[in-house]
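Undergrad: Next one to model:
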Amino acid sequence: MSRSLSRVQLIGNLGRDANMRYTPNGAPVTEFSLAVNRSRRGQDGQWIQETDWYRIICWNRLAEFADQYLKRGMRVYVDGRLQVRRYTGNDGVERTVVEVVASDIIMLSARPEEPSELGAPVPTTEEPDVDKDLVEDDEFDDVPF
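TA: Got it, this is the predicted structure:
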């Protein structure tokens, strides 16, 4: 029998405050977006900074920690696994979402009063518009775990 592995390690800045909800069974679940900046050389040889956005999901005690301490602009380390979830939106269109289910979070900056007080730069691009079907309060009602 061969083993499998799904592991993701990210360091980035929160795009918005963590948002906690509860499943119908009473389990806390918190989600937030994480901006991870990277640089690459363009065709003209100049450095271009790009930002990738990740949706982070936390469960139970980690969800409560994230809700209490994680705020927009904070720099954090996230360790977790990738999760691919499929669902049908309110418009009847089937969608696929790739998320990171966190198993550990380490705060790399103190809770900021202002985003400019961070030692690390705040992401250079704004968080992309998110499909409203992805952030509805009842989104986790049909999660199979």
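Undergrad: Over to W53. Which of the three states is it?
TA: strand (DSSP: H, G, I helix; E, B strand; the rest coil).
Undergrad: Tell me the confidence at it?
TA: At W53, the pLDDT value in this model is 96.
Undergrad: what bridges to it?
TA: Bridge pairing for W53 (DSSP bridges) gives the partners A35.
Undergrad: Touching, R40 and E50? I think so.
TA: Yes - taking CB atoms under 8 Å as the definition, R40 is a contact partner of E50 at 6.7 Å. The C-beta positions use only the backbone N, C-alpha and C, and glycine is treated the same way.
Undergrad: more crowded one of these two?
TA: For R40 versus E50, neighbours defined as other CB atoms under 10 Å are more numerous around E50 (11 against 8).
Undergrad: In three-state terms, label that one for me.
TA: Strictly by three-state DSSP, E50 counts as strand.
Undergrad: and what of D67?
TA: Three-state call for D67 (three-state DSSP): helix.
Undergrad: residues near it, how many?
TA: With neighbours defined by other CB under 10 Å, the count for D67 comes to 19.
Undergrad: Quick check: it vs R55, distance?
TA: Using CB to CB, to the nearest Å, D67 is found at 16 Å from R55.
Undergrad: Could you count how many residues lie near T30?
TA: Using other CB under 10 Å, T30 has 23 other residues around it.
Undergrad: What of L70?
TA: Neighbour count of L70, defined by other CB under 10 Å: 23.
Undergrad: pLDDT score for the residue lying closest to it once chain neighbours are set aside?
TA: Leaving aside its sequence neighbours, L70 sits nearest to A18 (CB to CB, 6 or more residues apart in numbering; 4.2 Å). For A18, the model assigns a pLDDT of 94.
Undergrad: again, but for P28
TA: With respect to pLDDT, P28 scores 97.
Undergrad: partner residues bridging it?
TA: Counting by DSSP bridges, the residues bridging with P28 are Y22.
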